[in-house]
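> kindly return the folded structure for what I paste below:
(2 chains)
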Amino acid sequence: MIAEFGHFALLLALGIAALQATVPLLGAARGRVRWMAFGSWAATAQFGCLALAFAALTQAYVRADFSVLNVAMNSHSLKPMLYKVSGVWGNHEGSLLLWVLVLAFFGVLVALFARNLPAALKARTLSVQAMISVGFLLFMSLTSNPFMRLFPPPPEGRDLNPLLQDPGLALHPPMLYVGYVGLSIVFSLAVAALIAGRADRAWAHWARPWALLAWSFLGGGIALGSWWAYYELGWGGFWFWDPVENASFMPWLIATALLHSLIVTEKRGAMAGWTVLLAILAFAFSLMGTFLVRSGVLTSVHAFANDPDRGIFILLLLTVAVGGALALYAWRGGAMSTGIAIRPISREGAMALNNLFLVTAAATILLGTLYPLFLEVMSGEKITVGPPYFNRTFAPFVLVLAPILAVAPLLGWKRGDLPTALRHLRVALALALGTGIAAALIIDGRSVMAATGLGIAAWLFAAAFHTLWLAVRPPTRRGEAVRRHLYRLWLRLRALPPSRWGMTFAHAGIAVVIAGVVGAGSLATERIAAMRPGNGVMLGDLEFRLERVRTVPGPNYQAERADFTVYDATGHQVATLSPERRRYHANGQSTTEAAIATRPLYDLYAVISEPTEPGLYGVRLYRKPLAVWLWLGAGMIVAGGFLSLAGRRRPGSGAFDGERPGHGEKNP
Amino acid sequence: MTRRLLLLLPLLLFLVTAVYLARQLLSGRDPAHVPSALIGKSVPETILPPLKAGKPGFARVDFGTRDFPADPVLVNVFASWCVPCRAEHPYISALGRLEGVALYGFNVKDERKAALDWLQELGDPYARIGFDPAGRNAVEWGVYGYPETFLISPEGIVIYKHVGPLHPELIEREIMPRLRDFREGRGG
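Next up, the predicted model:
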């Protein structure tokens, strides 16, 4: 009964969305205030319906109601409650319901919180948002209904993939969806701007928080997925350039460019056309990602659904939404230009260069992801494009972008002074060189690229904080006491806008991630061995001793657990590791649980596999330098985004990120 | 004018991409299907010992070459424990009775006695049978499913491979036309 109610709520939401897509738009065209205001009411009502629908599906999962087909296919009565709930979105139909729920939620946020938005812009934005809703809700109603019944109901569900029964992965889709859908708001705002015929500083000011929110969550979701892959999949890797991973990374790159472009448009009113295009492209890549995951057009470890019918529907959705927006851009994009020119050597110039590289990097990844498909369509030949391509083409972009990130905050708006900026960074550069050389010595010159990468990461990190220092250091006064000097420093630090901290953390976070990628990627060492309990193997200076292997029962599985003790060169115990092999009761599937010992400068990673003969176990051991920096750096980046979000000010108060070094005060 | 073109560029690029995606979707191709890497290459240099007394195994010399063409050959991978192999056996036998094409059996990961009993029960249509209990030679051939059937051209080139049991519709669609090509001197 409740499932039918949920289905009804879904269809009702579709009807409301259809109205929301048309009435406010007409209202904005004709200046009818009531019609425009209807948008907010409709957005709230739509969200209410979808919240009820989502609650209905969740209820079915929680109660293990196997008469609902979706629950029977993807759940099991023995699953822990957390995973029964997260199972709601761990499948194609349920995840779509989550998608439209988040879409509607953002609509409500705009309706309720964007009070300073002009009525026409708000109405148009809500309408475009509703059009996207209509597309997805139609898709669900026609091909992917989560409320289908199954008669007779089976006595037990088919269980969720044990790989997905994990807290990290429970959180990963919701975070990603907030990211993807947040980008939809900026898309809607951009389309609304195109319809209105202008995208000015005020428009950019209203759009930026949505972009920041989406970007932060998307980044967090990607990092969570990567972290999950690292500790769950047991391959020791954290990024595989899988099509679905790329499908989340490309929108993030575009969103990064969008973020910076919005800053330029907000601050100087320049690059407006470019910003609008980026907003459209960011969401376009999000939709493209949805298409790739659910259409069956590419194989991937992630792929949700392999149904060409669904694929065709999403492709139509994609074509209408993106094609329509790009057509609108082709028609009206020229009107966005405010005629303000940008000097190459300036803050805006650096941002423009930054955007160019980010978009090109995203395009390169897109090419690699879609190339096998293009080739197969054209010639029938089947190839795979894998990590070698992506690593080789993406790494240079990072190496080029990092210096730009280091220097740009030191360039002034309108006209920047490059020699002075570089002079300020002397200390940072010296630090970088020192780090690079030290790294080269430590790793025995094994990899020039690795040493370079670490050096550049050091430079970026130092530059980010040095830039902050330049903004807060109080000018020296003759004969001043140290205490008073420090007190003035403290005052300045407190007066810094959070957005300043945001930029510092985000840029420094990138440096930390780069270091982590170099360490855990290029500098990792590995040992594969067959061991019996009591044996020990060496990995570099470390000895891994297998103490014992025993059977351990779990809530819905049976596990074989191996206990390792790790000793360093002096014989001290450094860590213990207990990898497992689990066999799940419901469908006999078995998985590996890697054991990871995290230390500040490296991770130790152990995986155990099936015994080839009784008592002889296959074992894989890794030492991954700086692995934890990946997650710390990602955390810094996301924190940076949220800090910037927290430091929002009304337009006209003047306190944007415009201060030149040495000027810590707010502009009057 | 350039301005207009630049503004149109994203739309055009997107439409081209969408067309390719649509074509892939509508082609009905299965992206997970991996074609054999052996197609178009010469028969592997494996030497397969005989399974039963009185019937030889086979090696590279038992196929044609460019300089010394021979009859085309169907190589059928089978095992006594493989249920679909039983299902396809009548059709394999029918292929074995065709004029102008040889049929070799490739018994993989099986026990000699079990395989011999299987052939005794169902009949032995093969001109030669190679025996590979450990499966090492099968790896050279890229065998990963049971049954599998290879079609070798008169010049000893692997022309076609099918994973799974053969049935009349498939034989008519894939194998017979190729055999006709060989007869008319077009294949290989």
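> what's around the closest residue to chain B within the stretch 551-668 of chain A, how many residues?
The nearest approach of the stretch 551-668 of chain A to chain B comes at residue A:612, 15.6 Å away (Cβ to the nearest Cβ). Bear in mind the C-beta positions are built from the backbone N, C-alpha and C, glycine included. Residue A:612: 10 surrounding residues under other Cβ atoms under 10 Å in any protein chain shown.
> my guess is it is in a helix, correct?
No. Judged by DSSP: H, G, I helix; E, B strand; the rest coil, residue A:612 forms no part of a helix; its state is strand.
> list the residues that contact it.
A:530, A:618 (Cβ atoms under 8 Å, 6 or more residues apart in numbering or on different chains).
> what does residue A:375 give?
A:381-383.
> 6 Å - rerun?
Residue A:375 sits next to residue A:381 when contact means Cβ atoms under 6 Å, 6 or more residues apart in numbering or on different chains.
> and the strand or helix carrying it, what's its mean pLDDT?
Using DSSP states H and E, residue A:375 maps to helix A:347-379. Averaged across helix A:347-379, pLDDT comes to 91.
> okay, buried residues for it please.
By neighbour count on 16 or more other Cβ atoms under 10 Å in any protein chain shown, the buried set for helix A:347-379 is A:347-352, A:354-355, A:357-359, A:361-362, A:364-366, A:368-370, A:372-374, A:376-377.
> just stretch A:250-264 next, same as before
Under 16+ other Cβ under 10 Å, the buried positions of stretch A:250-264 are A:250-264.
> repeat for stretch A:317-335
Quick answer for stretch A:317-335 (16+ other Cβ under 10 Å): A:317-319, A:321-323, A:325-326, A:328-330, A:332-333.
> just checking: which of these also lie near chain B?
Among the buried residues of stretch A:317-335, the residues that sit close to chain B (Cβ under 6 Å from any Cβ of the partner chain) are A:319, A:322, A:326, A:330, A:333.
> in helices, which of the residues you listed fall?
A:326, A:330 (DSSP state H).
> can you redo the ones next to chain B among the buried residues of stretch A:317-335 as CSV with pLDDT?
Below are those laid out as CSV (pLDDT from 0 to 100):
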residue, pLDDT
A:319, 93
A:322, 94
A:326, 95
A:330, 92
A:333, 85
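> all helices for chain B, in order.
Under DSSP H, chain B gives helices at B:2-26, B:83-96, B:112-122, B:136-141, B:168-170, B:176-183.
> the last one: which residues count as buried?
Read that as helix B:176-183. Result for helix B:176-183 [16+ other Cβ under 10 Å]: buried residues B:178-179, B:182.
> would you turn those residues into JSON lines with pLDDT and distance to residue A:70?
Listed next are the buried residues of helix B:176-183 as JSON lines, based on pLDDT from 0 to 100; distance: Cβ to Cβ, whole Å:
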{"residue": "B:178", "pLDDT": "89", "distance to residue A:70": "46"}
{"residue": "B:179", "pLDDT": "89", "distance to residue A:70": "49"}
{"residue": "B:182", "pLDDT": "85", "distance to residue A:70": "52"}
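> which one of those is nearest to residue B:112?
Residue B:112 lies nearest to residue B:179 out of those, by Cβ to Cβ, at 31.5 Å.
> separation between the nearest residue to that closest one once chain neighbours are set aside and residue A:90?
The spatial neighbour of residue B:179 that comes closest, neighbours along the chain excluded (Cβ to Cβ, 6 or more residues apart in numbering or on different chains), is residue B:101 at 5.9 Å. Residue B:101 is 52 Å from residue A:90, where distance means Cβ to Cβ, to the nearest Å.
> tell me which of these two has more neighbours.
With neighbours defined as other Cβ under 10 Å, residue B:101 and residue A:90 compare such that residue A:90 has more, 23 against 20.
> distance of the more buried one from chain B?
From residue A:90 across to chain B, the span is 21 Å (Cβ to the nearest Cβ, to the nearest Å).
> give me the pLDDT for that residue.
What the model reports for residue A:90 is a pLDDT of 83.
> phi and psi next, for it.
When read as degrees, to the nearest 10, the backbone of residue A:90 gives phi -90, psi 20.
> number of nearby residues for residue A:338?
Residue A:338 is flanked by 17 other residues according to other Cβ under 10 Å.
> quick one: mean pLDDT for the host helix or strand of residue A:622?
Using DSSP H and E, residue A:622 sits in strand A:616-625. Across strand A:616-625, pLDDT averages out at 91.
> show me what contacts the closest residue to chain B within chain A?
Nearest residue of chain A to chain B (Cβ to the nearest Cβ) works out as residue A:326 at 3.9 Å. Taking Cβ under 6 Å, 6+ apart as the contact definition, residue A:326 lies against B:10-11, B:14.
> can you narrow those residues to ones near chain A?
Answer for those near chain A (Cβ under 6 Å from any Cβ): B:10-11, B:14.
> near chain A, which residues of chain B show up?
B:7-8, B:10-11, B:14, B:18, B:20-25, B:31-32.
> buried ones among those residues?
Buried among those (16+ other Cβ under 10 Å): B:7-8, B:10-11, B:14, B:18, B:20-22, B:24-25, B:31.
> where does chain B dip in pLDDT?
Scanning chain B for pLDDT under 70 picks out B:28-35, B:186-188.
> what about 80?
Filtered on pLDDT under 80, chain B yields the residue ranges B:1, B:27-37, B:145, B:185-188.
> buried sites along stretch B:142-154?
Buried residues in stretch B:142-154, counted by 16+ other Cβ under 10 Å: B:142-143, B:146-154.
> what's the closest of the residues you listed to residue A:241?
The closest of the buried residues of stretch B:142-154, once distances to residue A:241 are taken by Cβ to Cβ, is residue B:142, at 26.2 Å.
> if we can go back for a sec, can you tell me which of the buried residues of stretch A:250-264 are in strands?
Assignment to strands by DSSP state E places none of those there.
> look at the residue of chain A most remote from its centre and report its pLDDT.
Most distant residue from the mean C-alpha position of chain A: residue A:479, 50.5 Å away (Cα atoms, centre = their mean). Residue A:479 carries a pLDDT score of 77 in this model.
> run through the bridge partners of the closest residue to residue A:529 other than its chain neighbours.
Nearest residue to residue A:529 in three dimensions, chain neighbours excluded: residue A:537, at 4.7 Å (Cβ to Cβ, 6+ apart). Assessed by DSSP bridges, residue A:537 has beta-bridge partners residue A:544.
> I'd assumed residue A:544 was in contact with residue A:537.
Yes. Taking Cβ atoms under 6 Å as the definition, residue A:537 is a contact partner of residue A:544 at 5.4 Å.
> of these two, who's got more company?
Each of residue A:537 and residue A:544 has its neighbours counted (other Cβ under 10 Å); residue A:544 has more, 24 against 17.
> what secondary structure does the residue farthest from the centre of chain A sit in?
coil.
> do the one 4 residues further on as well
In three-state terms, and counting by three-state DSSP, residue A:483 is helix.
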